[in-house]
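# Mind looking at a prediction? Sequence and model below.
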Amino acid sequence: MELTATTTIRRPARDVYAFWRHLENLPTFMCHLDEVRVTGERTSHWTASAPFDRTVEWDAEITDEVPEEFVGWRSTGDADVPNAGRVRFAPAPDGVSTEVHVVLVYDIPGGPLGKAVARYFGEEPHQQLDDDLRRLKQVLETGEVVRSDGAPWGKRAREEFPQRPAQPLSAEEVEELAKEARA
């Protein structure tokens, strides 16, 4: 599977690149990424959440890089999810912002069936990448990921407040809201 996404961040390319290149920062905005541990100058170990309460891990190496312009990487060894990618940091036309262009290629465990199952359980990869870049923009422009009152705990909220299709409130929920409004 190949994913691409782009966002514009109102920060200079050197700042955006420096934040991304400090790989330990990536879990602060990549929702399914639990940890990135740097193991060498160009190597790291990654741990991520996967569907069905699974964890996947892999080692990665930076394959090519031009500071403040781009970083390319690939997984190494026996990765649970073989992957490769490139992120490019380009000055935006306004002269202040940075366009961030991401290309990510990876093998989904289970092939087409795994992809269909992941989508069924709300794990659509294109949407995840777009959401991750939106959170990156928030972190770099405001210093934090903006959270709603409905999910103030970020990643933990996935387990505590599972999403469900929109539906009218039950009579009990309406009564509970009325009680809170009177208090």
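It's in.
# residues contacting A84?
A84 makes contact with T63, G72, W73, R74, S75, L104, V105, Y106, according to CB atoms under 8 Å, 6 or more residues apart in numbering. Any C-beta I mention is one placed from the backbone N, CA and C, and that applies to glycine too.
# In a markdown table, list those along with distance to Q138 and neighbour count.
Shown next, in a markdown table, are the contacts of A84 (distance: CB to CB, whole Å; neighbours: other CB atoms under 10 Å):
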| residue | distance to Q138 | neighbour count |
| --- | --- | --- |
| T63 | 29 | 14 |
| G72 | 25 | 16 |
| W73 | 23 | 22 |
| R74 | 28 | 17 |
| S75 | 27 | 20 |
| L104 | 20 | 19 |
| V105 | 26 | 14 |
| Y106 | 25 | 17 |
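# so of these, which ones are in strands?
Mapping the contacts of A84 onto strands (DSSP state E) picks out T63, G72, W73, R74, S75, L104, V105, Y106.
# tell me the SS of the nearest residue to the fourth one once chain neighbours are set aside?
Think R74. Distance criterion CB to CB, 6 or more residues apart in numbering; nearest residue to R74, sequence neighbours excluded, is A84 at 3.9 Å. Secondary structure state of A84, per DSSP: H, G, I helix; E, B strand; the rest coil, is strand.
# Return the set of residues that bridge with A84.
R74, V105 (DSSP bridges).
# any idea how far it lies from V145?
26 Å (CB to CB, to the nearest Å).
# can you tell me which of the contacts of A84 lies nearest to M30?
Of all those, L104 has the smallest distance to M30: 10.8 Å, by CB to CB.
# Redo the contacts of A84 as CSV? Include pLDDT.
Shown next, in CSV, are the contacts of A84 (pLDDT from 0 to 100):
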residue, pLDDT
T63, 98
G72, 97
W73, 97
R74, 97
S75, 96
L104, 94
V105, 93
Y106, 86
